[in-house]
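Chemist: 3D, please:
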Amino acid sequence: MTETTRKRPRRRRPDAGITLIELLVVMVIIGLFATLVGTRVIGRVDQARVTAAQSQIAQYSTALDLFRLDTGRYPTTEEGLQALRTRPSGLDSWDGPYVESNIGTDPWNNAYVYRQPGEHDEFDLVSYGADGAEGGEDDDGDIVSWE
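Modeler: All right, here's what the predicted structure looks like:
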């Protein structure tokens, strides 16, 4: 027999698949990572909503001050924030609209509460936070115009 006709010994191939244990370990690691990242992201989303509500209240407060400069008064509670977009009856000196877009809801999809005269200032503008009810703490806390 020549050397070219001699059979070569078969090499043993490592298994191409993965074991169930390896798969479970990877799934546990992914689960732990998702839990860790998920809780941090959710906290950031809640803080972003609070910041957005503070920003909107500041924007509406500035627009209310411009309304007062033009008309000599703030909108009444009955006229509400819509007076920043549409001229209330009997106001010839109204030079609005004072905000570019429609008056929306707060980041939790609740209406802003506007009172004039306010209990804390010339007007009160409030978002009741995530729970939509007065009072609360953290994400459920009120975001107000006077602080």
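
Chemist: how close does G90 sit to E78?
Modeler: Relative to E78, G90 is positioned 13 Å away (Cβ to Cβ, to the nearest Å). For glycine as for every other residue, the C-beta is placed from the backbone atoms N, C-alpha and C.

Chemist: Correction: the previous question concerned A58.
Modeler: The span separating A58 from E78 equals 24 Å under the rule Cβ to Cβ.

Chemist: neighbour-wise, which of those two wins?
Modeler: A58 (12 against 8; other Cβ atoms under 10 Å).

Chemist: Which element, helix or strand, includes the more buried one?
Modeler: Assigned by DSSP states H and E, A58 belongs to helix 20-71.

Chemist: Distance-wise, check the nearest residue to P107 once chain neighbours are set aside relative to Q116.
Modeler: Excluding its sequence neighbours, the residue lying closest to P107 (Cβ to Cβ, 6 or more residues apart in numbering) is R49, at 3.9 Å. According to Cβ to Cβ, R49 stands 26 Å off from Q116.

Chemist: secondary structure class for Y114?
Modeler: Following DSSP: H, G, I helix; E, B strand; the rest coil, the label given to Y114 is strand.

Chemist: Surely it and D121 touch.
Modeler: No. Using Cβ atoms under 8 Å, Y114 makes no contact with D121, being 11.8 Å away.

Chemist: Comparing those two, which shows the higher neighbour count?
Modeler: Ranked by neighbour count (other Cβ under 10 Å), Y114 and D121 place Y114 first, with 24 against 15.

Chemist: Low-confidence stretches in the chain?
Modeler: When residues are selected by pLDDT under 70, those of the chain lie in 1-17, 41-43.

Chemist: Centroid-nearest residue for it?
Modeler: With distances taken as Cα atoms, centre = their mean, R49 lies nearest the centre of the chain, 3.0 Å away.

Chemist: Just to check, that one is in contact with D140?
Modeler: No. Counting by Cβ under 8 Å, R49 does not reach D140; the two are 11.4 Å apart.
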